[in-house]
Every structure is written in C-alpha cells, then in structure tokens.
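Participant: Just to be clear, the model below is a prediction. Sequence and coordinates:
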Amino acid sequence: MGRAAAGGGVSRPPPSARYAILALLAFTVALAPVTARTFRDAVVPGHPELPRFGLRDFRDAVYYPVRALLDGNDPYQPSAYRARYPVGSKFPLYAPLALAFNLPFGLLSERAAGIAHYAFNVGCLVLQNLRELLRAQSQEARPA
C-alpha cells in the first residue's frame with residue numbers, strides 16, 4: 001500500500017522542516033511583545049529628557065552621530081555634540097567604521113531611521129538563522 005493510501009494523501013514535512021516552522025513561530029511569539037514595547041516606549045524625536053527607552057541607544061549611538069558626521073560636525077567632541085544634537089548621552093567611543101556602516105540610516109528622519117534599523121537587525125537575525133537551518137539540512141541530507 002502506498003504512502004498516500006495509508007495516510008490519506010497527506011504527507012508530513014521532514015523533522016528539520018517541522019523544527020524550522022516551530023522555531024519561526026517561537027521567534028515570532030517572542031518578537032511581537034519586544035517590538036510592541038520598543039515602539040510603545042520609543043524616544044520622542046527632539047526630546048531626550050523624556051523617560052522613554054525604546055530606540056534610545058539607536059538615537060545616541062547611531063542616528064545622531066551619523067547626522068553629526070553628515071552635517072560636518074565631530075561626534076567625538078562631547079560638549080559640542082551634546083549642545084548641537086538632542087541626545088541623552090555622549091557618543092560612545094566606537095570606531096569611525098561604525099559611523100560609515102550606519103551612514104544610510106542618517107539620511108532618513110529619526111523615526112524612519114529607527115524603524116529601518118530595527119527591521120534591518122531583525123532581518124539579519126532571520127537570514128542568519130535561515131542560513132544555519134539550510135546548512136544543517138544539507139548536512140542532514142548527506143549520506144553517512
């Protein structure tokens with residue numbers, strides 16, 4: 001008797017695919033409240049004095065340092081940088097390459113850049129995990 005006749009024509013995905021589906025569901029369930037809280041408590045552009053914490057690190061360590069660079073200012077000069085930009089803390093001593101990597105985010109408004117940066121990070125996480133899953137599946141499919 002064929003598989004279709006025994007199982008009613010419904011085939012189950014292989015175990016690795018089931019694990020991938022479960023992992024994706026778990027990731028989505030975990031990401032939803034994190035995303036909701038991040039954007040519910042997101043900083044208000046131009047008001048670093050408000051006690052809001054969502055995307056604060058993005059504002060202080062990515063967006064405004066890049067904006068300063070694009071404006072021709074030095075984010076590594078704390079007093080001038082904090083006086084000119086609405087940040088809650090001075091720019092950490094990251095390598096200048098961090099500014100170059102994040103340069104595209106500085107071309108957007110603060111809110112749009114924060115959303116794009118968050119989505120970029122989530123997308124990188126998903127792609128990395130997908131790559132690892134595909135690698136594991138290809139090793140699983142090889143004969144021993």
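Facilitator: Received, thanks. Numbering: from 1, shown residues only.
Participant: Same question for the top helix by length along the chain: list its buried residues.
Facilitator: Counting by DSSP state H, the longest helix found in the chain is helix 110-141. Buried residues in helix 110-141, counting neighbours by 16 or more other Cβ atoms under 10 Å, are found at E110, A113, G114, I115, H117, Y118, L133. To be clear about C-beta, it is placed using only N, CA and C from the backbone, and glycine gets the same treatment.
Participant: same check, this time on stretch 51-70
Facilitator: 52, 54-56, 58-69.
Participant: pLDDT below threshold where in the chain?
Facilitator: By pLDDT under 70, the low-scoring segments of the chain are 1-9, 11-16, 140-144.
Participant: can you rerun that using 50?
Facilitator: Scanning the chain for pLDDT under 50 picks out no residues.
Participant: how does it divide into domains?
Facilitator: Domain assignment for the chain by automatic domain parsing gives 13-40, 43-116.
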